[in-house]
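take this sequence and fold it.
(one chain, ligands or ions: 2)
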Amino acid sequence: MKAAVLEKKEILQIKEIPNPTPQEGEIVIEVKSCAICGTDVKVFHHGHKHIRFPRVTGHEVSGVIVALGKNVTGYKEGGRVAVAPAIPCGKCYYCRRGIEAMCDNLTAIGYHYDGGFAQLMRVPVDAVNNGCVNSIPENLSFEEASLAEPLACVINGQELSKIKFGDVVVVIGAGPIGCFHVELARIKGARKVILTEISSERLNKAKFTDTDVYLNSAEENLQKRVFEETEGRGADKVIVAVGSAKAQEDSLKIIAKRGIINFFGGLPKDKPTINFDSNVLHYGESYAVGTHGSAPRHNQLALEILANKKIDAENYITEKFPLTEIEKGLKMAEEKKGLKIIIQP
Ligand SMILES: [Zn+2]
Ligand SMILES: [Zn+2]
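Numbers count the residues shown, from 1 in each chain. Ligands and ions are numbered 1, 2, ... in the order given. Have a look, this model is predicted:
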């Protein structure tokens, strides 16, 4: 099969490698769509602590089951499936408490195992057994279904942010993740959603989300506007959907009393500290939480939300490339052109 093999940092080769064969309990899928994620760009340049080279990356995957290992039940050849890449063990302290996203033994497709930037992909036994392989509803295309994974992470984020009816929500960052947050906050009954971003090009591209307020924080004072929009209270919920220390610090200046901030975007590991007035939390009884991944059930929910078009994945898919043009796709993602870029191996 053809695969995009990351030989080492910044060396990506399209080449023939042996077809994967399913071991007992495993599934092999023919990959129909693998969306590019911001982390794919990071991994291309910097590698990742869980990646040993050579590795096929790509973790936002959908396809068709083409082979089943021994003793696989509940799946059949020809089944259309989306694969949740984060694989919980199902046995540890956190898994037993239903918090699979925090599994102590978490492994991931595209990191520990070869991922979806290839014609075929092997799905490990723990993924098959722990609910990571989900049928795609009939009315969803493979391309749409491959967006279930990023949406699943957003669903997990908003569970922990406790977004609810009547909230005023500020989302910082208008990339695909920020747009998902806006649309999901709406579904959950947010009264007002404010989307803020420093690039007017990105902000314009997010207009389909039908946000109440689009705020370019390079041109307008974020803090002033948020207080104006909230009768001086600040936002009930703030989601920082960018990996920026400045944005995290800003979020602490606009949170309402008893509000919840979510650091959804991570900071670079060599510069992970921020400065803030901790009395904001002390006197305001506010909360700060961070989220980054998802559990299998979030992926199942995401497919449902996409299937009933409460969030229309079509709005997010701006570019499609064959596997041979993956570097072009990664470059576009890095330059933040478009929203989601799909690779069709
Ligand atoms: Zn992703
Ligand atoms: Zn576990």
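
could you give the bridge partners of Ile194?
Beta bridges link Ile194 to Val170, Val213 when assigned by DSSP bridges.

burial of the spatially closest residue to Ile99 that is not a sequence neighbour, as a residue count?
The spatially closest residue to Ile99, leaving aside those adjacent along the chain, is Ala295, at 7.5 Å (CB to CB, 6 or more residues apart in numbering). Every C-beta, even on glycine, is put in place using the N, C-alpha and C of the backbone. By the criterion of other CB atoms under 10 Å, Ala295 has 26 neighbours.

go ahead and confirm Ala295 touches Asn156.
Yes. Contact status for Ala295 versus Asn156: in contact at 6.8 Å, counting by CB atoms under 8 Å.

shared neighbours, the two?
Here Ala295 and Asn156 have Ala101 as joint contacts, going by CB atoms under 8 Å, 6 or more residues apart in numbering.

and the gap between the residue nearest to Cys34 when sequence neighbours are not counted and ligand 2?
Using CB to CB, 6+ apart and skipping the chain neighbours, the partner closest in space to Cys34 is Gly116 (3.4 Å). Using CB to the ion, to the nearest Å, Gly116 is found at 23 Å from ligand 2.

do the same with Gly259
31 Å.

same thing with His112?
Noted for His112: a distance of 14 Å to ligand 2, by CB to the ion.

quick check: that residue touching His50?
Yes. With contact defined as CB under 8 Å, His112 counts as touching His50 (5.6 Å).

just give the nearest non-adjacent residue to the residue of the stretch 101-250 of the chain found nearest ligand 2, would you?
The nearest approach of the stretch 101-250 of the chain to ligand 2 comes at Cys103, 3.2 Å away (CB to the ion). Once flanking residues are discounted, Cys103 sits nearest to Pro88: 3.8 Å by CB to CB, 6+ apart.

three-state assignment of the residue nearest to Cys34?
coil (DSSP: H, G, I helix; E, B strand; the rest coil).

that one contacts Lys32, doesn't it?
No. Using CB under 8 Å, Gly116 makes no contact with Lys32, being 9.4 Å away.

so which of those two has more stuff around it?
Between Gly116 and Lys32, counting by other CB under 10 Å, Gly116 is the more crowded of the two (30 against 22).

let me know the pLDDT of the more buried one.
Note for Gly116: predicted pLDDT of 98.

whichever strand or helix holds Ala333 - contacts with which helices or strands?
Using DSSP states H and E, Ala333 maps to helix 326-334. Using 3 or more CB pairs under 8 Å, 6 or more residues apart in numbering; DSSP states H and E, the elements in contact with helix 326-334 are strand 11-16, helix 38-46, strand 317-322, strand 340-344.

got these as a markdown table, with distance to Phe227 columns?
As requested, those are exported to a markdown table (distance: least, CB to CB, whole Å):
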| stretch | distance to Phe227 |
| --- | --- |
| strand 11-16 | 47 |
| helix 38-46 | 30 |
| strand 317-322 | 34 |
| strand 340-344 | 33 |
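
quick one: which of those is nearest Gly175?
helix 38-46 (7.4 Å; CB to CB).

quick one: Glu197 from Glu149, how far?
In this view, Glu197 and Glu149 are 23 Å apart by CB to CB, to the nearest Å.

what's the neighbour count on the residue nearest to Cys103?
Per other CB under 10 Å, the neighbour tally for Pro88 reads 26.

right, and it touches Leu106 too?
Yes. Here Pro88 reaches Leu106: they are 6.1 Å apart, a contact under CB under 8 Å.

quick one, what contacts the residue in the stretch 201-345 of the chain positioned nearest to ligand 2?
Closest residue of the stretch 201-345 of the chain to ligand 2, CB to the ion: Ala295 (10.3 Å). Listed by CB under 8 Å, 6+ apart, the contact set of Ala295 reads 84, 86, 88, 99-101, 152, 156.
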